[in-house]
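K.L.:
Below is the sequence, then the predicted model.
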Amino acid sequence: MLAQEIGEEQEHVTAMYERLDVLRERARGELDRVQGEATVGNLQAYSERESFTQHFSGRVHQLSAVERGLCFGRIDETGGERFHIGRIGLFDEEYEALLVDWRTPLAQSFYRATPAAPLGVTRRRHIRLHGRTVVGVDDDVLDLDALGAADRSTLIGEAALLSSLGANRTGRMNEIVATIQTEQDEIIRAELPGVLVVQGGPGTGKTVVALHRAAYLLYTHRDQLARTGVLVVGPNPTFLRYIDQVLPSLGETDVVLATVGELYPGIAATAPESAEATRIKGDLAMAEVVERAVQGFQRVPEATIRFKVDQHELALRPSAVRKAKEKALDAGEPHNPARRVFVRRIITVLTNQIVDTIGRQYVGAEDVEDLRKELIEDDRVQAILDHLWPELTPQLLVSVLLSSPERLAAAAPHLTDAERAAIRRPIDAPWTPSDVPLLDEAAELIGELDADVAARRQQAAAAAAESADTWKYAREVVQVQLESENVVVMPWEIEQFAELVHRRTELIEKPVTVAERAASDRGWVFGHVIVDEAQELTAMDWRLLMRRCPRRSMTLVGDIAQTGSDAGVRSWAEVLDRYAPRRWRAAELTVNYRTPTEIMTVAAGVLTAIDPLLTAPTSVRAGNSAPWLRSTRSEDFTETLLAAIESERAAVGDGRIAVIAPASRTAALAAALPTVAESNDPAILEAPVALLDPSAAKGLEFDAVLIADPAGIIAESPRGLSDLYVAATRATKRLGVLADGVLPDVLIGGEQ
Ligand SMILES: Nc1ncnc2c1ncn2[C@@H]1O[C@H](COP(=O)(O)OP(=O)(O)OP(=O)(O)O)[C@@H](O)[C@H]1O
């Protein structure tokens with residue numbers, strides 16, 4: 001029976017691949033044709049060709065990306081209808097559906113139907129492919145009564161999920177479209193507006209669900225999100241590399257992946273910094289510190305400033321400066337635009353003094369203008385204005401603030417001397433990730449430089465004019481193409497083409513994608529923001545992110561129990577009641593798909609030590625090997641660790657291993673263990689053995705994990721137990737713990 005079922009599915013699958021080949025060939029043919037056309041040397045013809053090139057190469061790329069595992073399921077409905085579910089939708093020449101896209105509402109019951117709530121589905125079939133060959137089918141029967149007698153005898157039960165979870169890890173995260181679980185699907189398809197917080201223990205699929213949600217939202221709300229973009233924020237660059245294949249493999253490329261440290265355009269903030277400095281700089285009080293630092297650059301002199309311009313004796317009294325300052329601040333404008341008002345007032349004061357000495361009756365309106373101009377161009381006047389109210393840049397402000405003990409003392413009176421010393425550093429020190437929210441805060445308070453404002457206005461006016469032209473042109477191009485029947489275009493593609501021609505024409509003059517534009521514009525407002533490992537964000541990070549998403553359409557996934565930084569989140573309500581009151585909702589993921597039961601028992605002991613009220617997620621499967629917990633004398637530590645690595649390598653074959661050690665020991669261990677890759681090594685994800693500290697291991701997973709010196713991990717930070725919990729939940733198959741000296745009592749279970 002199984003062979004017959006497989007044979008029938010094979011027929012369907014073969015038809016789908018044949019259709020895919022036809023569509024791919026057609027798109028390739030169009031691409032070749034468009035690229036081979038002689039270019040009529042004007043910009044518009046070039047633009048037109050580029051538009052079609054982009055469309056067809058995007059289509060070829062999408063159709064190639066879905067080759068692996070094109071179809072993975074089928075649903076049979078009570079009425080007798082059957083649908084195959086896959087990575088994209090496909091129709092045959094008669095527009096009969098061959099394959100339904102997993103993101104459509106029709107496909108939803110594939111993920112949601114249960115025997116308790118079958119949603120009109122009698123059978124859910126998982127189809128396993130090897131290349132283009134059907135190698136297995138597994139059925140879940142959801143409504144036995146609704147199945148006919150013939151159907152009943154063809155049931156094949158086997159968990160598709162478990163076979164995918166047991167596979168060796170490749171170092172890169174994979175998509176999970178074939179096996180999304182019901183509680184995950186509800187999150188993926190949740191509505192776009194508002195803030196959705198997904199709390200879930202380790203391995204519950206938070207990351208993978210967040211990424212599938214991005215793909216789902218881009219598919220369902222394409223019009224809205226294609227223009228504004230989706231931002232996915234991750235904890236570190238290694239993690240972003242770990243996940244960067246998932247969205248392209250789902251056919252989505254227009255997403256900005258970034259760490260918070262990359263969210264200030266033009267700055268790569270990657271320098272390391274102490275946990276204490278991160279804590280202090282992440283505190284919300286820093287917003288006021290930056291504000292006071294800006295105010296520190298708006299001075300009133302203690303004594304009258306006297307100077308000469310062209311024989312005229314001038315005097316700038318503190319009271320006149322104070323008044324000018326008050327006027328400048330009245331409008332609530334940022335520092336740089338407010339400076340314009342300040343400068344105007346001061347120049348008026350000085351002009352009046354000259355007019356008074358010459359005698360008002362001798363000075364006409366034009367002369368007054370000339371005088372003002374002369375004063376403003378005078379070096380001495382400029383130096384005074386720059387002293388009283390200089391034009392600033394955020395970079396200048398933050399680097400001066402953090403390098404000047406006096407400015408820091410004046411702006412941060414709430415900090416102790418030791419705390420100020422912890423964040424002080426040389427003026428030219430490289431930027432750290434926790435500087436980025438300070439720079440962003442400063443940018444808000446400072447505003448743009450005069451020169452930048454003028455340039456931007458000019459650009460905006462030119463862009464608006466061009467955009468109107470290119471839209472008109474785009475529609476004409478599409479019309480001409482359709483009339484000449486040069487290209488095969490489906491009716492629903494016409495608008496899409498016009499949009500493409502329009503965008504492409506713009507791109508030729510401004511060659512950037514939405515993702516690039518968003519990444520280079522600090523003021524960019526994203527349509528949706530997804531934050532992974534959201535528990536690690538500091539209060540200042542949240543402030544910055546909320547500015548990037550004033551509509552508050554966000555998905556935040558994280559686990560409070562894994563918070564490693566002292567500046568991180570302790571309660572979701574604490575963060576969200578501030579920024580999205582009554583506009584946030586919480587969901588929970590409860591099943592651990594990564595870590596087998598035996599390993600989770602060890603991790604659960606650590607979790608109880610963090611907080612006895614917390615419960616670990618339930619593992620979906622049992623493993624094949626019990627975790628081991630050993631201790632060794634310090635002098636034998638490295639050698640024992642080396643031997644353990646070798647035996648784990650033998651056990652996992654071509655799988656991946658991580659050695660997770662206290663941050664303070666990784667450098668020495670790297671020197672002693674020549675075969676391991678360190679976290680700053682770009683090849684770390686592909687390396688057979690990776691050496692990481694707990695914060696670098698966050699979000700990643702490995703076939704086998706060796707925790708080296710657990711007591712060192714606990715002792716290293718105030719949230720050391722959370723770090724140990726993170727380390728203990730990274731393994732998909734094997735866990736070993738090697739203590740340097742005594743094994744901490746929080747580690748229980750496993751073989752000792
Ligand atoms: N429905 C599913 N089908 C197949 N694999 C899944 C499913 N859900 C999760 N997984 C797998 O489980 C593993 C853990 O998922 P993920 O990394 O998203 O968890 P997480 O909640 O982000 O974990 P952590 O908090 O520890 O970082 C991944 O290998 C993921 O592919």
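P.N.:
It's in.
K.L.:
So, low pLDDT: which residues of the protein?
P.N.:
Residues of the chain that meet the criterion pLDDT under 70 lie in 1, 37-51, 54, 143-166, 168, 470, 474, 481-495, 501-513, 750-751.
K.L.:
Give me the domain ranges for it.
P.N.:
The chain breaks down into these domains under the TED database: 1-168, 198-264+522-592, 277-427, 450-514, 597-747.
K.L.:
What sits closest to R522 if chain neighbours are left out?
P.N.:
Of all residues not flanking R522 in the chain, P265 sits nearest, at 5.3 Å (Cβ to Cβ, 6 or more residues apart in numbering). Glycine gets a C-beta too; all of them are placed from N, C-alpha and C.
K.L.:
if I look at the one you found, how far off is the ligand?
P.N.:
28 Å (Cβ to the nearest ligand atom, to the nearest Å).
K.L.:
Check A626 too.
P.N.:
Noted for A626: a distance of 21 Å to the ligand, by Cβ to the nearest ligand atom.
K.L.:
my guess is that residue contacts E598, does it?
P.N.:
Yes. The pair A626 / E598 is scored as a contact, 5.3 Å apart, by Cβ atoms under 8 Å.
K.L.:
More neighbours: those two, which one.
P.N.:
Under the criterion of other Cβ atoms under 10 Å, the comparison of A626 against E598 puts E598 first, with 19 against 16.
K.L.:
So which bits of this structure are right by the ligand?
P.N.:
Where the chain comes near the ligand, counting by Cβ under 6 Å from any ligand atom, the residues are 161, 164-165, 174, 176, 179-181, 184, 200, 202-208, 559, 593-594, 699, 701, 729.
K.L.:
Any chance of a PyMOL selection covering the buried ones in the residues you listed?
P.N.:
The PyMOL command for the buried members of the residues of the chain next to the ligand (criterion: 16 or more other Cβ atoms under 10 Å) is given here:
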select buried, resi 161+165+176+179+180+181+184+200+202+203+204+205+206+207+208+559+593+594+699+701+729
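K.L.:
Show me the strands in the stretch 551-700 of the chain, by range?
P.N.:
Along the stretch 551-700 of the chain, counting by DSSP state E, counting those that start in this stretch, strands occupy 554-558, 584-589, 591-592, 618-619, 628-632, 657-660, 677-678, 689-692.
K.L.:
Now render the ones you listed as a markdown table, adding mean neighbour count.
P.N.:
Formatted as a markdown table, those follow (neighbours: other Cβ atoms under 10 Å):
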| stretch | mean neighbour count |
| --- | --- |
| strand 554-558 | 27 |
| strand 584-589 | 16 |
| strand 591-592 | 20 |
| strand 618-619 | 16 |
| strand 628-632 | 17 |
| strand 657-660 | 27 |
| strand 677-678 | 18 |
| strand 689-692 | 25 |
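K.L.:
Am I right that S399 is in contact with I427?
P.N.:
Yes. Using Cβ under 8 Å, S399 is in contact with I427, at 5.1 Å.
K.L.:
more crowded one of those two?
P.N.:
Set side by side, S399 and I427 show more neighbours around S399, with 19 against 11, by other Cβ under 10 Å.
K.L.:
tell me which element the more buried one falls in.
P.N.:
helix 394-403 (DSSP states H and E).
K.L.:
who's in contact with T170?
P.N.:
R656 (Cβ atoms under 8 Å, 6 or more residues apart in numbering).
K.L.:
Wait, a helix at it?
P.N.:
No. Under DSSP: H, G, I helix; E, B strand; the rest coil, T170 sits outside any helix and is assigned coil.
K.L.:
where's it relative to G712, distance?
P.N.:
As judged by Cβ to Cβ, to the nearest Å, T170 and G712 stand 30 Å apart.
K.L.:
quick one on the thing from earlier: which stretch among the domains of the chain comes nearest E441?
P.N.:
E441 lies closest to domain 277-427 among the domains of the chain, at 4.5 Å (Cβ to Cβ).
K.L.:
Would you agree I75 falls within a helix?
P.N.:
No. Counting by three-state DSSP, I75 is not found in a helix; it is strand.
K.L.:
Pull the number of nearby residues for it.
P.N.:
25.
K.L.:
For the helix or strand containing R279, list every residue counted as buried.
P.N.:
In the assignment (DSSP H and E), R279 maps to helix 275-282. Going by neighbour count (16+ other Cβ under 10 Å), the buried part of helix 275-282 is 275, 277-282.
K.L.:
and whichever helix or strand comes after that helix, what does it pack onto?
P.N.:
The helix or strand immediately downstream of helix 275-282 is helix 285-295, counting by DSSP H and E. Helix 285-295 sits against helix 394-403, helix 405-411, helix 436-446, helix 539-548, with contacts defined as 3 or more Cβ pairs under 8 Å, 6 or more residues apart in numbering; DSSP states H and E.
K.L.:
now the helices for the stretch 351-500 of the chain?
P.N.:
For the stretch 351-500 of the chain, the helices defined by DSSP state H, counting those that start in this stretch cover 365-377, 379-388, 394-403, 405-411, 417-423, 436-446, 450-484, 494-509.
K.L.:
Please work out which of these is packed deepest.
P.N.:
Ranked by mean neighbour count, the helices of the stretch 351-500 of the chain are led by helix 436-446 with a mean of 24 (mean count of other Cβ atoms under 10 Å).
K.L.:
quick revisit: how big is the angle separating the helix holding S399 from helix 436-446?
P.N.:
Interaxial angle of helix 394-403 relative to helix 436-446 (axes from the mean of the first three to the mean of the last three Cα atoms, to 10 degrees): 120 degrees.
K.L.:
residue boundaries of the helices in the stretch 501-650 of the chain?
P.N.:
Using DSSP H, counting those that start in this stretch, helices in the stretch 501-650 of the chain cover 514-520, 539-548, 572-579, 597-610, 637-652.
K.L.:
Verify the contact between E5 and V137 for me.
P.N.:
Yes. Assessed by Cβ under 8 Å, E5 is found in contact with V137 at 5.5 Å.
K.L.:
so which helix or strand takes in the closest residue to R345 other than its chain neighbours?
P.N.:
Spatial nearest neighbour of R345, excluding adjacent residues (Cβ to Cβ, 6+ apart): A324 at 3.6 Å. Assigned by DSSP H and E, A324 belongs to helix 318-330.
K.L.:
quick one: buried residues of that helix?
P.N.:
Neighbour-count burial for helix 318-330, counted by 16+ other Cβ under 10 Å, picks out 320-321, 324-325, 328.
K.L.:
before we move on, what about stretch 644-657?
P.N.:
By 16+ other Cβ under 10 Å, the buried positions in stretch 644-657 come out as 644-645, 648-649, 652, 655-657.
K.L.:
hmm, who's touching that stretch?
P.N.:
Residues contacting stretch 644-657 (Cβ under 8 Å, 6+ apart): 168-171, 625, 659, 673, 675-676, 687-690, 702-706, 733-734, 736, 738.
K.L.:
Likewise for stretch 546-556?
P.N.:
Taking Cβ under 8 Å, 6+ apart as the rule, stretch 546-556 contacts 187, 190, 192-198, 210, 213, 231, 263, 440, 444, 524-531, 534, 545, 572, 579-580, 583-584.
K.L.:
In PyMOL, how would I pick out whichever of the residues you listed are buried, leaving the exposed ones unselected?
P.N.:
Provided next is the PyMOL selection string for whichever of the contacts of stretch 546-556 are buried by 16+ other Cβ under 10 Å:
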select buried, resi 187+190+192+194+195+196+197+198+210+213+231+263+440+444+524+526+527+528+529+530+531+534+545+572+579+580+584
